[in-house]
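*Asks:* generate coordinates for the sequence data below:
(one chain, ligands or ions: 1)
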Amino acid sequence: MVHIVGAGPGDPELITVKGQRLLSEADVVIYAGSLVNEEILRYCKPEAEIYNSAQMMLEEILHVITLAEKAGKTTVRLHTGDPSIYGAVQEQMDAMQARGIEFDVTPGVSSFLAAAAALKQEYTQPGVTQTVIITRRGGRTPVPDSESLKKLAQHQTTLCIFLSVSLLDDIKRDLMSAGFKSSTPVAVVYKASWPGEEKVIKGRLDTIVQQVREANIDRTALIIVGQCLNSENRQKSNLYSPKFSHMFRQAIF
Ligand code: SAH
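*Replies:* The predicted structure is shown next:
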């Protein structure tokens, strides 16, 4: 049996209870070493066989899994954050399905959620935006034309941009050409939730490139853009309003 598990964003305490249990029971662990905090491997059995997938190709990963299956062992395939977001997990699941290998998936806390926590920020705000877009800037990996940052930006939602901090200059250009003001708030969160390593940079479209350069951030960071970051826009929600009734509470005015 193979368990695909989301390790969470970095803090070893941000794996789910179920993920931690599966990790502690696994005979074989294949973890995404480029991003998973190795501290999390302390949950593994001392005798567990541990592989870092950063140095492996798809076929090698499948080979390790197939051998473990033949030996009746349990494997955890540990992905960073949540496996469904830029996890390259679909091809692994498809290959396991094709080979008749049984697997399940345990979700994890994605880094865009850890970034909101680091920023003490709600992404969906009344009167500002009710939508969050998760995307990346096209670079070595292309993004379909219909999803270019310029097109997505026109919706003026909260944007969570993955895998792109080295392309911040291009992002700035795209957003300006989509009509964003230079004063648009932008935040960059590096290693969200990693104990002792997290960095939070808050700025504007016209300052953020310089700020991020000065902080020496060139990877493992998320870019958050949108008016949700602007504290001048705040409106109160209906949910806790005295004028608003809902299933659990009557209005008092
Ligand atoms: N599945 C992961 C994302 C993997 S793609 C998730 O759900 O979070 C790798 C990208 O995720 C990085 O380039 C960076 O943009 C982002 N990332 C992963 N962990 C991060 C963290 N702790 N802090 C900030 N960004 C992170």
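*Asks:* please make it C-alpha for all contacts and neighbour counts, starting now.
*Replies:* Will do.
*Asks:* may I have the phi/psi pair for Val189?
*Replies:* Backbone torsions of Val189, given as degrees, to the nearest 10, read phi -120, psi 120.
*Asks:* which residues touch the closest residue to Tyr31 other than its chain neighbours?
*Replies:* Nearest residue to Tyr31, sequence neighbours excluded (Cα to Cα, 6 or more residues apart in numbering): Leu78, at 4.5 Å. Applying Cα atoms under 8 Å, 6 or more residues apart in numbering, we find Leu78 in contact with 4-7, 29-32, 36.
*Asks:* kindly report the same for Ile134.
*Replies:* 159-162.
*Asks:* check those and tell me the two furthest apart.
*Replies:* Largest separation among the contacts of Ile134 by Cα to Cα: Leu159 and Phe162, giving 9.6 Å.
*Asks:* circling back: filter the contacts of Ile134 down to the ones close to the ligand.
*Replies:* The subset of the contacts of Ile134 within reach of the ligand, by Cα under 6 Å from any ligand atom, is Phe162.
*Asks:* and the contacts of Ile134, which of them are in strands?
*Replies:* Of the contacts of Ile134, the ones assigned to strands by DSSP state E are 159-162.
*Asks:* and the nearest residue to Phe244 once chain neighbours are set aside, how close does it get to Leu239?
*Replies:* Closest residue to Phe244 in three dimensions, ignoring its sequence neighbours and counting by Cα to Cα, 6+ apart: Ala251, at 5.0 Å. Per Cα to Cα, to the nearest Å, Ala251 is found 11 Å from Leu239.
*Asks:* got it, and Lys202?
*Replies:* The gap separating Lys202 from Leu239 is 29 Å, by Cα to Cα.
*Asks:* identify the contacts common to Leu159 and Phe162.
*Replies:* Common neighbours of Leu159 and Phe162 (Cα under 8 Å, 6+ apart) are 134-135, 223.
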